[in-house]
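[1] Just to be clear, the model below is a prediction. Sequence and coordinates:
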Amino acid sequence: MQDSLTSQRRRALLLAAGATLVAPLAAHAQASGDEIVIGGSIPMTGVFSFAGIGINAGISDYVKIVNDAGGVKGHKIKYVPEDTGYKVDVSVATFKKITSQNKVNLYYGDSTGFSKTINPELERNGNIMMAGASFATELNDPVKYPNQFLVGPDYTEMFGILLNHIAKEKPGAKVAFVYSDSEFGRDPIDSSEALAKKLGLTVAIKIMTQAGSVDVSGEVIKLRRAAPDYTIFHGYILAPIPEFITQGKQQGMTTKWMGTFWTMDSSTVMKMGEAGDGFMGVMPYRYYYDTSAKAPMLDKIRQMRPEYQSTAYIQGFLAAMLFVESAKRTLDAKKELNGKNLKAALNSIKDFDTGGLIGVPITIKGNSIPVGRVYKADMKTQKMVAASDWISL
Amino acid sequence: MDWAYLFEISLTGVASGGLYALAALAFVMVYKATRVVNIAIGELLMVGAYLFFTFAATFALPLWLAIPAAVLGSGLLGAVIERTMIRPLLGEPPISVFMVTVGLGSVLVGLVEMIWTADQRRLPDFMPTQPIIIGDAFLAPKVFWGAMIAVVFIAAVLLVFRFWRGGVALRATASDQAAAYSMGINVPRVFSLAWVVSAMIAAISGIIVGSIGGISSSMGVFGLSVLVVVIVGGLDSVLGALVGGLFIGLVEALAGAYLGGEYKLLATFIVLVVILMARPYGLFGTHEIERL
Amino acid sequence: MRIGTLKETYIADAALFDSRTQKVWLAVGVALLLLFPFMAGEYWLYLACLVSINVASASGLNILTGYTGLVSLGQAAFMGLGAYTVAILQAKVGTPFLLNILAGGVVAMLGGLIVGIPSLRVKGLYLAIATIAASFITHFLFANLSFAGGTGGISLPPARLFDVALDTSFRLYWVIVPITILMLLGAANLFRTRVGRAFIAIRDRDISAEVLGIPLLRYKLLSFGLSSFYAGVAGGMWAYFFRVVTPESFPLLMSIFFLAAIIVGGMGTILGAILGAVFMTMVPELLKLVFDLLPNNTELTVFLSPVRTIIFGLLIIGFLVFEPHGLAEVWRRIRRFFHLWPFRN
């Protein structure tokens, strides 16, 4: 019988298969020991990829600057990013993977959905302080989200900055909100409507557009009939804003057009072409090419990266800066690096100089940095120019 | 009751329905000839728009070269798809071919994301910019001209099906493949032709839709609204594509205006359910008789 | 080589696992499942729970589409109904978690019955499109009904069993996997009964089935109801696993994922649902592993997401063109090889 030979082979094959199955199961936690680990669920592909690539570059660059200068009190910083394609379940999976393989103290998340989903896990873990690409109003709640913070004003505060500017420029003006049917879009609308009333402005109309809708001519007609003095777009990156503006101008509308953070990157606005001339919006940071004031960090960035870097890059860079500052203060106070202490250190930041990334020194009392400036697009020079002073809420 | 507002909204709704009609025409072409439900129609639209973007913006070809190039490129893609994915599944149950088109949609989205990244982009402007004014009502020029192009194409296809030999061959293959074979019609060639023409029409539709709303890798979701249009009009009726498109465009515009933006898709799908219950084969579709 | 599958009683003939080898492998499988959570790291436990939930939902879809022949693109919507029910009950009412999951299943079942009503009037592709409509209508409800939390969704506290909070993947594993196994056994048993055989008859030729005396509407609705019950339970487990439900959590793409899973696995077999769900969930992980091993991988990570989408589409197309009966058929061929060995056929 050939039984013995072939069954031997079969047994060997089964053993080999078993071994390859068991191998990855052996949990291996890489003890980083002396390093401070920044983990990241970064949307480097998918609909948010332009932001993800910028954020990734921003964080890496700042980490490099700090490590080149000797690290934080002798500890080097390790940045461990993973791509998520802007999908919440993938972000959660990468979080679990990175935290199981490293001792993570600081984390960067890619979306509002992820920040909300991972919050209970963060609280259970206790060792991590998190920031993210989201500026959702709901996250700006130190009681519900004690281990998280926003790298700028939340969406309601962004509206607040715009509305304050409008109230100063034209008291009693009529304002229209055009927003997308998504969590991102709906987030600040109700609270901003209340704020507008408080500032004496009338909200002429609120228009919600379907995510991914192609034709907005019906909405433009509604907008025209409401005849607002200012129209604020929120919840979009680019589309359908240029179409709104083009059709609005064709129909003779004289409203001023404005947007919030994710529309206001220079390259995005420039894509609007003719329609984007004079487009305004709120941006908490200085733009890459801004040379209006002394900004040592911006100079350094310009040295490291000769081509234009988006505002997403600056957001990542600033997030890393705040991470490092919180870690430094925690270590200075001889406290353990965990979520609570890092957040307390973050909240101790008062009149902090960001090296010119934000135009004024910042104080982080709660979960957000309520500072920003209104910028206007100048198509001739292909740049965004400041249209107001730095407004702190 | 603000009649002027109603008129204005209805006008723009009907015109944007023309866009739906054009995309629905591409869908009907394939179904009429091969009985295949192509749910990747939105993605074919997207590929056409991206090809136009590449030729017009990246290679900076003049318009009269870029548009035909994009259309021909899409036609080629349609032929390749038919040969590699649809032909092998000729005798299989229709659900299998349907799932293949679902897979095709994913593949096309992935390819677009890989080559052009998932960023939103704008197409170069090429349509006249003078707004159309009827009485007191404004109509955006892009929408108007898009609708006009759609009507022209549908009329052309209707005539072709009626009078040209190829069109008659297509109809013959659709109603009875075996009989068409025995009459000497080259059935495989007819299938290829149907897919090529469908892809080309989808490309034109994509260029128009793209020039209105910009292009992105998630443009394909437009295909779901087109699906509703063809169900309402009838899966194999060209006239139904036009009527269905205009009707759904009107419904969406009215829902958006009087109920709110979030009700647009809901209204469309409620219409779909009503039609499925009342007239499952659509307004102009042929009633399928199932035999044991 | 398997010789002599002689059965002496009807009960033995209808048994699910008949040969000794099968029973031995089954015991090995159960032992592995019991040992796995103690050997595996956090990330693998997370994957295991996710795979389990997907298997449960895929087997539900298999009842509807694989066995009854009613193509449905609404599985994600029913999961959403189950998940939201569980979320609302757990967060706002605080009922025990097993009851919540059951309630989730029942609510989803009701939804399934409603969606199944058109199935007498329309069939095939039209029914599939009607389920897409159901998917959108439920999405609208989730996003706009106030007690469903709006676009922000609902976040829920962890389930509690005997006063232990089920908040880690390790703890949830011990709940999710047994529930899934129960559901799989239920589905396998279903097809030994006359209800199951009626479903198969409807799939093969529903007019003939009606002629033979099977009331079509009743059985089609039953099929919808059962499969959406499964989806609801899977959705409930999903809710406890992720602890946040939003309207965006259950998109049409998820329904397509499940349909692809049963096609790839093999429609109309329980094993097919299991293999398909496992395969489709693990392929993205495998892809990530491959990308990590490639040189120059920081530049190439930009391509991970589009490649994943392409591979998803290619898998569907590939299996439909080359192996329409799916992975279950591949497995059957391997088994046949070992059964007949040392003969060849």
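    Structure's in. What do you need? Quick caveat, the model's predicted, so the values are computed rather than measured.
[2] Can you pull out the low-pLDDT segments for the chain?
    The chain I'm using is chain A. Within chain A, the segments meeting pLDDT under 70 span A:1-33, A:212.
[3] oops, I was thinking of chain B
    Applying pLDDT under 70 to chain B flags residues B:1, B:289-292.
[4] Which parts of it are strands?
    Read by DSSP state E, chain B holds these strands, from start to end of the chain: B:132-134, B:137-139.
[5] now those as TSV including mean neighbour count?
    Where you see a C-beta, it was placed from the backbone N, CA and C, and this is true even at glycine. Converted to TSV, those look like this (neighbours: other Cβ atoms under 10 Å in any protein chain shown):
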stretch	mean neighbour count
strand B:132-134	13
strand B:137-139	20
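[6] Tell me which of the ones you listed lies nearest to chain A.
    Across the strands of chain B, chain A has its closest neighbour in strand B:137-139 (4.7 Å, Cβ to the nearest Cβ).
[7] Specify the local secondary structure of A:Asp141.
    coil (DSSP: H, G, I helix; E, B strand; the rest coil).
[8] roughly how far apart are the residue nearest the centre of chain A and A:Ser115?
    To find the centre residue of chain A, average its C-alpha atoms and take the closest one (Cα atoms, centre = their mean): that gives A:Ala133, at 2.3 Å. Computed with Cβ to Cβ, to the nearest Å, the distance linking A:Ala133 and A:Ser115 is 9 Å.
[9] What of C:Leu259?
    C:Leu259 is 31 Å from A:Ser115, where distance means Cβ to Cβ.
[10] One more: B:Val37?
    When Cβ to Cβ is the yardstick, B:Val37 and A:Ser115 sit 40 Å from each other.
[11] which residues are common contacts for A:Ala133 and A:Ser115?
    With contacts taken as Cβ atoms under 8 Å, 6 or more residues apart in numbering or on different chains, A:Ala133 and A:Ser115 have A:Gly109 as neighbours in common.
[12] List, one by one, the residues from the stretch 201-345 of chain C near chain A.
    Applying the criterion Cβ under 8 Å from any Cβ of the partner chain, the portion of the stretch 201-345 of chain C that neighbours chain A consists of C:242-244, C:246, C:248-249, C:284, C:301-306, C:308, C:342.
[13] are any of those buried, and which?
    A residue is treated as buried here by neighbour count (16 or more other Cβ atoms under 10 Å in any protein chain shown); on that basis the buried members of these are C:242-244, C:246, C:248-249, C:284, C:301-306, C:308.
[14] tell me the contacts of C:Pro157?
    Contact partners of C:Pro157, counting by Cβ under 8 Å, 6+ apart, are A:Pro120, C:Gln90, C:Ala91, C:Arg243.
[15] Ignoring the adjacent residues along the chain, who's closest to the third one?
    Closest residue to C:Ala91 apart from its sequence neighbours, by Cβ to Cβ, 6 or more residues apart in numbering or on different chains: C:Leu156 at 4.4 Å.
[16] Now that neighbour: phi and psi?
    Dihedral angles phi and psi of C:Leu156 (degrees, to the nearest 10) take the values phi -120, psi 150.
[17] just to revisit the earlier point, which one of the contacts of C:Pro157 is nearest C:Arg218?
    Taking Cβ to Cβ as the measure, C:Gln90 is the one of the contacts of C:Pro157 closest to C:Arg218, at 33.8 Å.
[18] okay, now the residue found closest to that closest one once you drop the neighbours it is linked to in the chain: neighbour count?
    If the residues on either side of it in the chain are set aside, C:Gln90 comes closest to C:Leu156, at 4.5 Å by Cβ to Cβ, 6+ apart. As a burial measure, C:Leu156 scores 23 neighbours (other Cβ atoms under 10 Å in any protein chain shown).
[19] is the lengthiest helix in chain B anywhere near chain A?
    Within chain B, and with DSSP state H defining each element, the longest helix by residue count is helix B:3-34. Yes - in this structure, helix B:3-34 sits against chain A according to Cβ under 8 Å from any Cβ; the contacting residues are B:Tyr5, B:Glu8, B:Ile9, B:Thr12, B:Gly13, B:Ala15, B:Ser16, B:Leu19.
[20] Quick check: which helices or strands does that helix pack against?
    In terms of contacts (3 or more Cβ pairs under 8 Å, 6 or more residues apart in numbering or on different chains; DSSP states H and E), helix B:3-34 is packed against helix A:217-226, helix B:41-53, strand B:137-139, helix B:141-163, helix B:165-175, helix B:187-213, helix B:222-233, helix B:238-258.
[21] now for these, which one comes closest to chain C?
    Comparing the helices and strands packed on helix B:3-34 by their distance to chain C (Cβ to the nearest Cβ), the top pick is helix B:222-233, with 5.9 Å.
[22] Chain B contacts on the stretch 101-250 of chain A?
    Close to chain B, as judged by Cβ under 8 Å from any Cβ, the stretch 101-250 of chain A has residues A:181, A:207-210, A:212-222, A:224-225, A:237-240, A:242-243, A:246-247, A:250.
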